[in-house]
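Chemist: model the structure of this input:
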Amino acid sequence: MKVAVIGAGNGGQALAGYLSVKGFSVNLYNRSEKRIKSLKKNGGIQLGGRFKEFADLDCITTNVEEALDGVDLVMVVVPAQAHRYVAEICAPHLSEGQVVVLNPGRTGGALEVKNTLTKSGARKKVYIAEAQTFLFVSRVVGSEAKIAGVKNVVPVAALPSSDTEKVIHLLEKIHTSFTEAENVLETGLSNIGAVFHPSTMIFNIGRIESEGNFSYYFDGITPQVAHFLEKLDRERRKVARVLGVRTCAARDWLKEVYNSCGISLYERIQDNGKYKGVAAPTTVVHRYIFEDIPTGLVPIASLGNYLGVKTPVINSVIDIATQFYGVDFRKIGRTVESLGLQKMGKQEIIKYVNGSA
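Modeler: Numbers count the residues shown, from 1 in each chain. Purely as a prediction, here's the structure:
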């Protein structure tokens with residue numbers, strides 16, 4: 001199997017390197033030359049952490065047509081706010097039968113990509129899917145792409161879900177953690193990053209600006225912060241239930257994915273050894289805000305409003321971030337309208353994502 005990895009950040013380098021050492025043919029694309037200059041010079045990626053090997057890559061390029069040529073699987077590993085851009089540049093070069101997977105899709109990723117491809121005039125049959133979370137806990141440190149941990153379970157769904165079996169068939173060759181989700185409503189509304197990231201950032205802004213040297217999860221999520229996160233998490237799950245999908249609570253997700261023990265969300269975060277060494281951001285301008293609000297909290301709140309589900313806690317976080325950063329996150333974020341769902345009733349949305357419309 002030949003794979004293209006789109007994005008050479010923390011996750012993209014880790015995934016491309018891992019795929020290579022596992023014997024797959026890998027092309028790596030990045031929009032800017034700067035990030036891949038040293039990789040091109042070395043001919044690949046030095047992995048660290050759980051995998052200490054040098055990974056040769058077949059192609060390292062800023063030419064997306066070159067990266068997509070002849071590949072079976074396209075693994076998109078970019079911040080979710082870049083999904084629309086990636087779909088636009090890939091649209092003219094995708095081939096019949098290729099599988100495109102967003103790692104992860106956040107909330108509404110596959111819906112946004114499908115809409116974008118359609119608007120871009122793409123007519124070939126391409127399988128579009130999204131993962132609920134990224135497979136690895138990884139960071140690029142110096143010249144190494146370090147993989148600190150591998151998640152036990154990574155649910156994946158295609159749009160429509162009638163295509164999921166084909167997608168999983170390919171992903172199982174990469175890792176056994178990939179499992180079949182019900183549909184993209186389940187993967188999108190199981191967006192745990194939207195629960196953990198924005199609120200924790202906002203509650204720790206003073207600390208980040210003054211010192212910025214603490215453990216994001218262990219120190220940043222205190223018992224009271226965790227209590228707030230659980231309130232926000234209940235609203236996320238309420239929206240999911242109205243759309244007929246089951247999502248586990250964030251504290252149960254920690255147990256399922258990381259084998260974390262404890263009763264409360266706070267206890268399970270503190271017990272999660274995979275979070276050890278995950279430092280807090282050193283700047284308040286960070287993807288935990290600029291990715292997880294517009295592609296996480298905003299679409300969840302938009303769906304809630306559309307379906308008559310109140311989300312006051314989620315809305316409060318969006319409102320505070322909007323005032324603090326001077327950015328209208330609702331305007332730039334994914335909404336029912338931008339995802340193309342505004343003319344559908346609840347049952348029509350469900351039929352659309354399942355492929356039974």
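Chemist: moving C-terminal from the strand or helix carrying Tyr266, which element do we reach first?
Modeler: For Tyr266, the host element (DSSP states H and E) is helix 265-271. The helix or strand immediately downstream of helix 265-271 is helix 287-290, counting by DSSP H and E.
Chemist: so for that next one, mean pLDDT?
Modeler: Average pLDDT, helix 287-290: 96.
Chemist: which stretches of the stretch 251-357 of the chain have low pLDDT?
Modeler: Along the stretch 251-357 of the chain, the model assigns pLDDT under 70 to residues 357.
Chemist: so where do the helices sit in it?
Modeler: With DSSP state H, counting those that start in this stretch as the criterion, the stretch 251-357 of the chain has helices at 265-271, 287-290, 298-307, 312-325, 329-332, 346-354.
Chemist: could you identify which of the ones you listed is most buried?
Modeler: Most buried of the helices of the stretch 251-357 of the chain by mean neighbour count (mean count of other C-beta atoms under 10 Å) is helix 298-307; its value is a mean of 23. Quick note: C-beta positions are derived from backbone N, CA and C, even for glycine.
Chemist: residues in contact with that helix?
Modeler: 107-108, 188-189, 191, 194, 235-236, 238-239, 242-243, 309-311, 314-315, 318, 329-330, 333-336, 339, 341-342, 346 (C-beta atoms under 8 Å, 6 or more residues apart in numbering).
Chemist: make a PyMOL selection of the buried ones in those.
Modeler: One line in PyMOL is enough to select the buried ones among those; burial here means 16 or more other C-beta atoms under 10 Å:
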select buried, resi 107+108+188+189+191+194+235+236+238+239+243+309+311+314+315+318+329+330+333+334+335+336+339+341
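Chemist: ok, residues contacting the helix holding Tyr266?
Modeler: For helix 265-271, contacts defined as C-beta under 8 Å, 6+ apart pick out 217-218, 221-223, 226-227, 229-230, 233, 249-251, 254-255, 260-262, 275.
Chemist: filter those residues down to the buried ones and hand me the ChimeraX line.
Modeler: Applying 16+ other C-beta under 10 Å to the contacts of helix 265-271 leaves a buried subset, and the ChimeraX line that selects it is:
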select :217,218,221,226,229,230,233,249,250,251,254,255,260,275
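Chemist: and Glu165, how many neighbours?
Modeler: 10 (other C-beta atoms under 10 Å).
Chemist: how about the nearest residue to it, chain neighbours excluded?
Modeler: Leaving aside its chain neighbours, Glu165 sits nearest to Glu180 (7.1 Å; criterion: C-beta to C-beta, 6 or more residues apart in numbering).
Chemist: cool, Lys231 as well?
Modeler: Distances taken as C-beta to C-beta, 6+ apart put Val313 closest to Lys231, at 4.9 Å, once the chain neighbours are dropped.
Chemist: tell me where the longest helix sits in this protein.
Modeler: When the chain is parsed with DSSP state H, its longest helix is helix 223-242.
Chemist: same for that helix, what does it pack against?
Modeler: Contacts defined by 3 or more C-beta pairs under 8 Å, 6 or more residues apart in numbering; DSSP states H and E place helix 223-242 against helix 192-203, helix 250-258, helix 265-271, helix 298-307, helix 312-325.
Chemist: contacting residues around it?
Modeler: For helix 223-242, the external contacting residues (C-beta under 8 Å, 6+ apart) are 185-186, 189-191, 194-196, 199-200, 203, 221, 246-247, 249-251, 264-266, 269, 300, 303-304, 307-314, 317, 346.
Chemist: how far off helix 250-258 does that helix point, in degrees?
Modeler: Angle of helix 223-242 versus helix 250-258, following axes from the mean of the first three to the mean of the last three C-alpha atoms, to 10 degrees, is 90 degrees.
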